[in-house]
Structures are given as C-alpha cells and as structure tokens.
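Participant: Next one to model:
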Amino acid sequence: MKLASLLSPDQIVLEMRSEEHMPAIIELVDHLISVEKLPEDLREEVVASLEAREEQVSTGIGYGVAIPHAFSENLENVAAVFGRSAKGVDFEALDNSPVHFVVLFIVPKKDYHLHLQTLAAIAKMFTNCEIRRQLSEAECRTAILDILAGKPSRNVA
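Facilitator: Numbering: from 1, shown residues only. Below you'll find the model as predicted:
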C-alpha cells in the first residue's frame, strides 16, 4: 500500500513546530483531529497508545525518518499524517540523527496486517535518498503527495 493513498493534502504538515518527539506526536495527532480525520474523543487513547509504543523503542528508524504508529479498537479506517521539519525533531532515533520526516498512522485493530505492510512500504520508500531530497525541497502539499505516490513532481527544483 502506498503512503499517498492514506493521505490527502490536508493531512500534510509542511513545517512542524515541535522539536521533541512526544510534542511532535501530539502536534500531528492534533492536526488529524483538526482536519477531522481522527475523532476528538479518541485523542487521549491514541496519544497514550503512541506514547507506550515510543517507550518500547524509538520509532525514529534512521535516515531522518520516524514512523510513530499505534492501534485503536475504536477506529474504522487508518488515520495518517505526514509532517516535515526543516529544523529536525529529536526522536531519539536509532542513528541519533534529527528527524525531518514523520509519518504517523493509527490503524484499526482489526487491520493489524495492514499495519505491517504499510510500515514496511514506508520504511523502504524512505531509504531512498533521492525521495528524501525531493520531499525536503517540495514547496507544497500537492508536490509532497506526488512524490509519495511515485509521480514525478513539477514543483521540485
């Protein structure tokens, strides 16, 4: 499954404000709520679930990428958001590098298998340094979606 199929332009944060991993996760969860992709009454459950996941091991996978993810019994569809940070977020990543791209997603518990496929696809995509370069240079949400969908982007130098 392509990450782009889980996102719409309003699910992309062009410049995150947070510099630490839990505030960054909360910022992205709140963004999902603000664009009505996550019910507000699930905020506490989702943040707690994401925090518990981070306590096990950082979801900062290296290459300047973090993929915080969790499950919810109370969600019907996957809720995903992409955040970009020029400054970088301290995610306590496995390679100790600042994170510039955060892909956060919450999966309905009934779709556990989808979580594994999505995680693998995202991790594989972000190992490509050309994709990371294009994402950092993209000027708008549509350009980012095109890159994530594997389409050549006209908005990237």
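
Participant: okay, CA-based contacts and neighbour counts for the rest of this
Facilitator: Will do.

Participant: what's the spacing between the helix or strand harbouring residue 47 and its chain's center?
Facilitator: For residue 47, the host element (DSSP states H and E) is helix 43-56. Relative to its chain's centre, helix 43-56 lies at 14 Å (Cα atoms, centre = their mean, to the nearest Å).

Participant: ok, and what's touching it?
Facilitator: Contacts with helix 43-56, where a contact means Cα atoms under 8 Å, 6 or more residues apart in numbering, come from 22, 25, 26, 29, 30, 33, 68, 69, 70, 71, 72, 106.

Participant: Please flag which of these sit within strands.
Facilitator: With strands taken from DSSP state E, the overlap with the contacts of helix 43-56 comprises 69, 70, 71, 72, 106.

Participant: Pull the number of nearby residues for the fourth one.
Facilitator: Which is residue 72. Residue 72 is flanked by 18 other residues according to other Cα atoms under 10 Å.

Participant: gap between it and residue 89?
Facilitator: Separation of residue 72 from residue 89 (Cα to Cα, to the nearest Å): 25 Å.

Participant: Tell me which stretches of the chain form strands.
Facilitator: Counting by DSSP E, residue ranges of the strands within the chain are 12-13, 60-62, 65-66, 69-72, 79-89, 99-108.
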